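Colleague: have a look; sequence and predicted model below, questions after that.
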Amino acid sequence: MGGTFNPIHYGHLVTAEAARDAFGLDEVVFIPSGQPPHKPPREVARAEDRYLMTLLAVATNVHFDLSRVELDRGGPSYTSDTLAYFHTLDPTVDWYFISGADAILEIASWHAPEDIFRYAHLIAASRPGYSLERLTALESKLGRERMARIHQLEVPALAISSSQIRERVRQGLSIKYLVPEAVEQYIAKKGLYRDPEG
Ligand code: ATP
Ligand code: MG
């Protein structure tokens, strides 16, 4: 499961667990996206913060793991490169890329979509505001064969987003029960998301 995870929240975690359950996955690997190398160091530090928050969030689930592959690769984080990497790691494994319906709806415009479909199945999870029915519009762009690699997943609806969490922190509002407690504490300890730039 890829994402910016800025920060990770219960919407991500519920989606990952629901996918594991529904598709009988052995484990879910969380892959925080990297930062372009020309960004200021402050933002690079933010990548490490996102990684550590993701670690704190997944540590309590034995079936969850996380990967630094996109952080360490540098340059733009292309899902196609990441899936090629995991395929090479173990070509005998059936890899599934878990994503919210909002992200999947954009997939035709992602870098090298042919590699994405070559190296993985896709799981499109429902997300409040993005009904799975909208995915049918993708068929004309992707064709039938690729559409068959997109599996739909209904997830208990959690109308949570990282943008909303960042905005709440900025306004001094509570983010309790939106993110794991350890993530909430990490954000407070590091003073993340307090200024308008972050
Ligand atoms: P932002 O508001 O900053 O875009 P976000 O909450 O969308 O953050 P991302 O890191 O962009 O989080 O999302 C990573 C993946 O998780 C995406 O595929 C996204 O669709 C999915 N996702 C995020 N929140 C939810 C949610 N509440 N329910 C289902 N899927 C979600
Ligand atoms: Mg998003």
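Modeller: Done, it's in. Numbers count the residues shown, from 1 in each chain. Ligands and ions are numbered 1, 2, ... in the order given.

Colleague: find out how far the lowest-mean-pLDDT helix or strand in the chain is from the centre of the chain, if you would.
Modeller: Between all helices and strands in the chain, the lowest mean by mean pLDDT, DSSP states H and E belongs to helix 41-58, at a mean of 86. On the basis of C-alpha atoms, centre = their mean, to the nearest Å, helix 41-58 sits 13 Å off its chain's mean C-alpha point.

Colleague: could you list the low-confidence segments of this structure?
Modeller: Along the chain, segments meeting pLDDT under 70 span 36-45, 196-198.

Colleague: so what touches the least confident helix or strand of the chain?
Modeller: 4-8, 12-13, 30, 32, 34-35, 64-66, 68, 71, 179-180, 182-183, 186-187, 190, 192, 198 (C-beta atoms under 8 Å, 6 or more residues apart in numbering). (Glycine included, C-beta is placed from N, CA and C.)

Colleague: list the buried residues in stretch 71-79.
Modeller: Buried residues in stretch 71-79, defined by neighbour count with 16 or more other C-beta atoms under 10 Å: 71, 77, 78, 79.

Colleague: quick one: the strands in this protein?
Modeller: According to DSSP state E, the chain carries its strands in the segments 2-3, 28-32, 64-66, 96-100, 121-125, 150-153.

Colleague: could I get those strands as TSV with distance to ligand 1?
Modeller: Below are the strands of the chain laid out as TSV (distance: least, C-beta to the nearest ligand atom, whole Å):
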stretch	distance to ligand 1
strand 2-3	3
strand 28-32	8
strand 64-66	13
strand 96-100	2
strand 121-125	5
strand 150-153	9
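
Colleague: redo those as JSON lines? Include mean neighbour count and distance to residue 139.
Modeller: Below are the strands of the chain laid out as JSON lines (neighbours: other C-beta atoms under 10 Å; distance: least, C-beta to C-beta, whole Å):
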{"stretch": "strand 2-3", "mean neighbour count": "21", "distance to residue 139": "23"}
{"stretch": "strand 28-32", "mean neighbour count": "22", "distance to residue 139": "27"}
{"stretch": "strand 64-66", "mean neighbour count": "18", "distance to residue 139": "32"}
{"stretch": "strand 96-100", "mean neighbour count": "24", "distance to residue 139": "17"}
{"stretch": "strand 121-125", "mean neighbour count": "22", "distance to residue 139": "13"}
{"stretch": "strand 150-153", "mean neighbour count": "17", "distance to residue 139": "10"}
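
Colleague: got those strands as a markdown table, with distance to residue 19 columns?
Modeller: Below are those laid out as a markdown table (distance: least, C-beta to C-beta, whole Å):
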| stretch | distance to residue 19 |
| --- | --- |
| strand 2-3 | 13 |
| strand 28-32 | 7 |
| strand 64-66 | 11 |
| strand 96-100 | 5 |
| strand 121-125 | 5 |
| strand 150-153 | 6 |
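
Colleague: to residue 167, which of those strands lies closest?
Modeller: strand 2-3 (17.7 Å; C-beta to C-beta).

Colleague: and stretch 88-105, how far apart are its ends?
Modeller: For stretch 88-105, the separation between the terminal residues is 27 Å (C-alpha to C-alpha, to the nearest Å).

Colleague: good, we can wrap up now.
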